[in-house]
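Engineer: Output the structure for:
(2 chains)
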Amino acid sequence: MSVALKINGQLRQVQAGLGDTLLTVLRDQLLLTAAKRGCNQGVCGACTVFVDGRPVRACLSLAANCEGGEITTLEGLKRDPGMLRLQEAFTTTGAVQCGFCTPGILIAAHWLLGRKPQAEAAEIRAGLSGNLCRCTGYTKIVAAVEAAEASTKAEAPR
Amino acid sequence: MNEMPRAVGARLPRAEIREKVEGRAQYIADLYRPGMLFGALLPSPHAHARIKSYDIREALAVSGVHAVITGDDFGDHRMGAFIKDEHAIAKGKVRYVGEPVAAVAAETEVAAKHAARLVKVEYEELPAILTPEEALAPGAAIIHEGLLSYFKVFDAGSTANICSRTSLTDGDASAWSRCDIVVEGNFTTQPQAHVSLEPCGALAEVDPSGRVTLWSANQSVFRVQANVCESLGLPMAQLRCLTPRVGAGFGNKMEPHIQPIAVKLAMAAGRPVKLILSREEDFEIVRARHPFKLRVKTGALKDGTLVAREVEVLLDGGAYADDSPGVLGYSLFMSQGPYRLQYRKAAGTLVYTNKLRFGAFRGFGNPQVSFAGEQQIDEIAARLGLDPLAVREKNLLPPGEKWFCGAEVPSNGLAECLARVKAASGWTGRAALEPSAPGRKRALGVACTAHISGLLATGAIVRMLEDGSIVLNTGAVDIGQGSDTALTQICAEALKVPMERVRLASPDTDGSPYNWGTTASRVTYTTGRAVVGAAREVERQIKEHASEMLEVAPVDLELRPGGKVGVVGVHDKAVSFFEVSARAHWAKGGPIIGTNSLVFEKPSVDPKRAVAVGLPFPQIGAFAFGALVVDIEIDEVTGKIEVQRAWSAADVGRAINPLAVEGQLEGAFVQGMGLALSEEMVWDGARLANPSLMDYKVPTSLDAPAEINSIIVEAPEPDGPFGAKGVGEIGINVVPAAIANAAASALGIRFNNLPLTPERVLRAMLAT
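Structural biologist: Numbers count the residues shown, from 1 in each chain, chains lettered A, B, ... in the order given. The predicted model follows:
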């Protein structure tokens, strides 16, 4: 059936059966491949995207249920100041190795900093605990989120 | 003179970082081709059975299905790194639950999966062999009836269900009679899944000329080419292998997964076919870390001087040999630890069972033997009332001394590694450490290790383009560890050009020089050597041109920072790489291309000193060293072990990119924590019971320690690129051992079986 999805600010018409997930539709129909299929069971977090401003597992969300929602993927945050700061911090801190988990982790970190701009290390670890990374041991990911917090603070108007 | 920042030694971000943080990096599942079909597999329901017949009619009738293939469509061709025992798809027999029996290509993934389930296979069940002991029992069912006739690349000693046997002896056994104390024990380690975040996958397409192009998640485009062509009976020149970005490997993407099946589907369908494994399939059919059973005996003098060690191991290799003979040989080679001993013996047996193949996994057998060996050093120290770190200090392999069996060790920074972790962790003041809360025990644990980087062949091509920019082509696959960046740094440093002047060509079996693979911690060391060699050749050609352009002898010329060549001591007499390359392209000599290739040639064993039987790698590599201290707490109510802090030192020769070296040590540590504490593949009968991330527990950001302190030690390897050795694996080797040593120190209980789950720890605490 035809479903209208609002993705990254644009209305897109897609074909989605009852069993088609948001992740499959994003990737196979719209070629928005930043969100990854790591487990397809909602555990690894690599498919995390925003729906109505909240992070969701695109692999567990049925596309048809997202009609009317505002969907934002990493591709849609190209000019978002918070995401740019996170991307810069992940770059300089060495928080990315294979990069497969990175889009999901960036979304989770963006959500965390939106609610808690000065999250402490332990809060960052809790906030990212739904996203698996097998390469980094998380040390530099936590450091990157802290660096993004610091750069937000430095830029903030006094 | 205009100075430029040095490339080697700089903490540079990844060369490909922008595409990765912006979500534009393309992994195998992100590739789409016009007319592309989706592949799906039918798994075997049996662990061991003869295939009597197939019926594919119903599957073929599904709308959108273009091809259905079974073992009958494949010739009797076998592949294998050490023993050629594996068909591209089950043929004649199935040997483990989940083994691909049939495959389908269809217009949608849903149609392909549906059709695969409609393939009917008639089986005749055979007794399933699920443990090494069953495999060795007299009268056991034989898993590979044709084993004796299979092609083997070394003297494996194969017979019945024994895949290979290896033994190494160095020194005189009479040393045992001098020992004041001997500790002996049995140890077991569990199967560990790699869990690269990206599941394995492949995309194959037949081009109009009839050649096949194959993209896949891999650690070596050249091993993919060899395996696919061996198992399909294709000439290697018929197949071109490429790689997109790879979502990590850790060993599971080095040898084949489903690439041969994807190629066969594309050939059968006449359309491009993409086949991506589900997470469950990735667990069930790729490969995993070997479970080991070990018996280890170590003897020492009263003063803590180590004298002798004997190690005996039994490995479950699963249904196919894969890299198992290498893991067996390497585990024995590393089983004596980085210590000076008078007598050393190590022997092992690798058997086939009806489980998925076990194979290469970061550490390659070293974590398993270290778990036993490094605990026995602590046991000896405890029995003698000595500090376990001091016992290690006393026995470290001294610089210049050879490895077990006589391999040369040209650089050795082990003592500095141990000294640095000792100082940084506050080891000598450890008795004063308090637990963070009542009801908890706290202790430090220590362990030492070594690892090789090296093995086999590699090459590099450095080309200067018309504008003087550089393209580096090595064929080495960056699986996320950062070798693209490190190799670019090495090339930029050698030619004294800025990083952005050097771009790396993507691995391509048509255009890249041979590279055995991203494995054995080898790319920085071996490929880096080839890059330096090729860059030196480019430098020679540049100077030849400049010598004629500036009318001076080549020996009076120097490369200058920023892409210039000039006369030594004469500041204004210089020409740019652009001028040199333009001359080469349009007037004289031809385009500047530097090439270099090498194979690691130093022997693993000195036959005058040691007896080695069935060792599959006669020439192994350079030696890197490491030391680790962990600070753990144990909850006395739950038995849960938490690692609070870790200090991981590694002698990497020279850190080409310290940021990336730290990343390797941190990531390896947490993967090692998973092996130590929580990860275990569990079989329910013949079926893997936990092939999902819900039931198989890899560490999360909450499990990882708050502090992992990476300590870089640099004892330069004489022939390494700028002195560098590898660092990919060394950080994982002794994580289980150091944690077990800390647990023993905290509780007074030795844990000889992995993993140290809360349940296991609590039971042990209640039993004392």
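Engineer: What count of nearby residues applies to the residue nearest to B:Ala160 when sequence neighbours are not counted?
Structural biologist: Spatial nearest neighbour of B:Ala160, chain neighbours left out: B:Ile142 (6.4 Å); criterion: CB to CB, 6 or more residues apart in numbering or on different chains. C-beta here means a position set from N, CA and C on the backbone, and glycine is covered the same way. Using other CB atoms under 10 Å in any protein chain shown, the number of residues around B:Ile142 comes to 15.
Engineer: Is B:Ile142 in a helix, a strand, or coil?
Structural biologist: Following DSSP: H, G, I helix; E, B strand; the rest coil, B:Ile142 is assigned to coil.
Engineer: Find me the pLDDT at residue 91, would you?
Structural biologist: All of this refers to chain A. pLDDT, A:Thr91: 98.
Engineer: ah, no, chain B please
Structural biologist: Confidence score, pLDDT, at B:Lys91: 98.
Engineer: Now do the same contact list for it.
Structural biologist: By CB atoms under 8 Å, 6 or more residues apart in numbering or on different chains, B:Lys91 lies in contact with B:Ile51, B:Gly71, B:Asp72, B:Phe74, B:Asp76.
Engineer: Please report how far A:Gln41 lies from A:Met83.
Structural biologist: Distance of A:Gln41 to A:Met83, computed by CB to CB, to the nearest Å: 27 Å.
Engineer: I'd like to know how far the residue nearest to B:Ala160 sits from chain A.
Structural biologist: According to CB to the nearest CB, to the nearest Å, B:Ile142 and chain A sit 37 Å apart.
Engineer: you'd agree that residue is up against B:Asn161?
Structural biologist: Yes: using CB atoms under 8 Å, B:Ile142 is in contact with B:Asn161, at 6.4 Å.
Engineer: Outline the domain layout of chain A.
Structural biologist: Each domain of chain A is listed here as a residue range: A:2-76, A:81-155, per automatic domain parsing.
Engineer: excluding its backbone neighbours, what's nearest A:Thr24?
Structural biologist: A:Ala63 (7.3 Å).
Engineer: Then B:Arg295?
Structural biologist: Leaving aside its chain neighbours, B:Arg295 sits nearest to B:Glu312 (4.6 Å; criterion: CB to CB, 6+ apart).
Engineer: Name the nearest residue to B:Tyr339, sequence neighbours excluded.
Structural biologist: Of all residues not flanking B:Tyr339 in the chain, B:Asn395 sits nearest, at 4.4 Å (CB to CB, 6+ apart).
Engineer: what's the spacing between the one you found and B:Glu374?
Structural biologist: B:Asn395 is 12 Å from B:Glu374, where distance means CB to CB.
Engineer: quick one, which of those two is more surrounded?
Structural biologist: More crowded of B:Asn395 and B:Glu374, by other CB under 10 Å: B:Glu374, with 26 against 21.
Engineer: Could you confirm A:Phe100 falls within a helix?
Structural biologist: No: under three-state DSSP, A:Phe100 falls outside any helix and is assigned coil.
Engineer: ok, it - how many residues close by?
Structural biologist: For A:Phe100, the tally of surrounding residues (other CB under 10 Å) stands at 30.
Engineer: wouldn't it be in contact with A:Ala35 here?
Structural biologist: No: judged on CB under 8 Å, A:Phe100 makes no contact with A:Ala35 at a distance of 11.0 Å.
Engineer: Contact partners for the residue nearest to A:Thr24?
Structural biologist: By CB under 8 Å, 6+ apart, the neighbours of A:Ala63 are A:Val3, A:Leu5, A:Val14, A:Ala16, A:Asp20, A:Thr21, A:Leu22, A:Thr24, A:Val25.
Engineer: Is it possible to get the residues you listed out as TSV so that each row also shows pLDDT and secondary structure?
Structural biologist: Output for the contacts of A:Ala63, formatted as TSV (pLDDT from 0 to 100; DSSP: H, G, I helix; E, B strand; the rest coil):
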residue	pLDDT	secondary structure
A:Val3	93	strand
A:Leu5	95	strand
A:Val14	95	strand
A:Ala16	92	coil
A:Asp20	93	coil
A:Thr21	96	strand
A:Leu22	97	helix
A:Thr24	95	helix
A:Val25	96	helix
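Engineer: Centre-most residue in chain A?
Structural biologist: Nearest to the geometric centre of chain A sits A:Ile107, at 2.4 Å (CA atoms, centre = their mean).
Engineer: wait, doesn't B:Phe333 sit right on B:Gly614?
Structural biologist: No: if you go by CB under 8 Å, B:Phe333 and B:Gly614 don't touch, sitting 11.8 Å apart.
Engineer: More neighbours: these two, which one.
Structural biologist: B:Phe333 (26 against 22).
Engineer: can you give me the mean pLDDT across the helix or strand hosting the more buried one?
Structural biologist: Using DSSP states H and E, B:Phe333 sits in helix B:324-334. In this model, helix B:324-334 has a mean pLDDT of 98.
Engineer: what's the farthest-apart pair in the contacts of B:Lys91?
Structural biologist: B:Ile51 and B:Asp76 (13.8 Å; CB to CB).
Engineer: Hmm, B:Ile143 is touching B:Ile129, no?
Structural biologist: Yes: judged on CB under 8 Å, B:Ile143 makes contact with B:Ile129 at a distance of 6.2 Å.
Engineer: Select the longest helix from chain A.
Structural biologist: Secondary structure of chain A per DSSP state H: the longest helix is helix A:139-155.
Engineer: give me every residue that touches the residue of the stretch 1-150 of chain B found nearest chain A.
Structural biologist: Nearest to chain A, among the residues of the stretch 1-150 of chain B, is B:Gly23, at 2.6 Å (CB to the nearest CB). Counting by CB under 8 Å, 6+ apart, B:Gly23 makes contact with A:Thr33, A:Ala34, A:Ala35, A:Thr73, A:Leu74, A:Glu75, A:Thr102, A:Pro103, A:Leu106.
Engineer: near chain B, which of these show up?
Structural biologist: Restricting the contacts of B:Gly23 to those near chain B by CB under 8 Å from any CB of the partner chain leaves A:Thr33, A:Ala34, A:Ala35, A:Thr73, A:Leu74, A:Glu75, A:Thr102, A:Pro103, A:Leu106.
Engineer: what number of residues lie near the third one?
Structural biologist: Read it as A:Ala35. A:Ala35 has 24 nearby residues by other CB under 10 Å.
Engineer: Surely it and A:Arg57 touch.
Structural biologist: No: contact criterion CB under 8 Å: A:Ala35 and A:Arg57 do not qualify, at 9.5 Å.
Engineer: For those two, list the residues in contact with both.
Structural biologist: Jointly contacting A:Ala35 and A:Arg57 under the rule CB under 8 Å, 6+ apart are A:Cys47, A:Thr48.
Engineer: which residues does B:Ile276 contact?
Structural biologist: Going by CB under 8 Å, 6+ apart, B:Ile276 touches A:Arg37, B:Ile28, B:Ala29, B:Pro199, B:Cys200, B:Gly201.
Engineer: go with 10 Å
Structural biologist: Residues near B:Ile276 by CB atoms under 10 Å, 6 or more residues apart in numbering or on different chains: A:37, B:27-29, B:31, B:38-40, B:109, B:198-203, B:217, B:258, B:262, B:282.
Engineer: before we move on, back to that, show me what the nearest residue to the residue nearest to the centre of chain A once chain neighbours are set aside is bridged to.
Structural biologist: Leaving out its chain neighbours, the residue that sits closest to A:Ile107 by CB to CB, 6+ apart is A:Thr48, at 4.5 Å. Under the criterion DSSP bridges, A:Thr48 forms beta bridges with A:Arg57.
Engineer: Check B:Thr349 too.
Structural biologist: Bridge pairing for B:Thr349 - DSSP bridges - gives B:Arg165, B:Leu314.
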